[in-house]
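K.L.:
3D model of this:
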Amino acid sequence: MNTINLQMPNWLHESLNKVAAEQNCSVSLFITLAVTEKITLLTSKEYFERKANAQLIKAAAPINREKFDRLLDKVADAEPEERDIK
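P.N.:
Sure, this is the predicted structure:
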């Protein structure tokens with residue numbers, strides 16, 4: 001484990017002590033959890049953005065019109081229900 005020396009405004013330190021006590025944990029644990037949560041959020045966002053961009057780069061499969069038409073043939077020919085019109 002590493003030790004860090006952290007400076008913060010007095011009002012924030014007082015709030016930190018209060019919230020940590022309310023959560024029944026030490027200030028050190030509370031800060032560790034808060035930093036972990038923030039890092040997880042940021043790295044997850046970057047991961048999903050990279051994943052989404054990779055999906056956009058992939059070439060789409062060509063459309064097979066015959067398969068599409070066969071699929072549409074399976075759809076019932078019916079009027080929409082009242083709730084679907086609104």
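K.L.:
next one: phi and psi at the residue nearest the centre of the chain?
P.N.:
Nearest to the geometric centre of the chain sits Lys45, at 6.3 Å (C-alpha atoms, centre = their mean). Note on Lys45: backbone dihedrals following degrees, to the nearest 10 are phi -60, psi -50.
K.L.:
need the contact list for it.
P.N.:
By C-beta atoms under 8 Å, 6 or more residues apart in numbering, the contact list for Lys45 is empty. Where C-beta positions appear, they are placed from N, C-alpha and C, glycine not excepted.
K.L.:
From Ala52, how far out is it?
P.N.:
11 Å (C-beta to C-beta, to the nearest Å).
K.L.:
Same question for Gln7.
P.N.:
For Gln7, the distance to Ala52 - C-beta to C-beta - is 38 Å.
K.L.:
Of the two, give the one with the bigger neighbour count.
P.N.:
Ala52 (9 against 5; other C-beta atoms under 10 Å).
K.L.:
which secondary structure element contains Ser15?
P.N.:
helix 10-22 (DSSP states H and E).
K.L.:
Residues contacting that helix, please?
P.N.:
With C-beta under 8 Å, 6+ apart, helix 10-22 has contacts from 8, 26-27, 29-31.
K.L.:
Including pLDDT and distance to Val19, could the residues you listed go into CSV?
P.N.:
Listed next are the contacts of helix 10-22 as CSV, based on pLDDT from 0 to 100; distance: C-beta to C-beta, whole Å:
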residue, pLDDT, distance to Val19
Met8, 96, 13
Ser26, 96, 12
Val27, 96, 9
Leu29, 96, 12
Phe30, 97, 7
Ile31, 96, 11
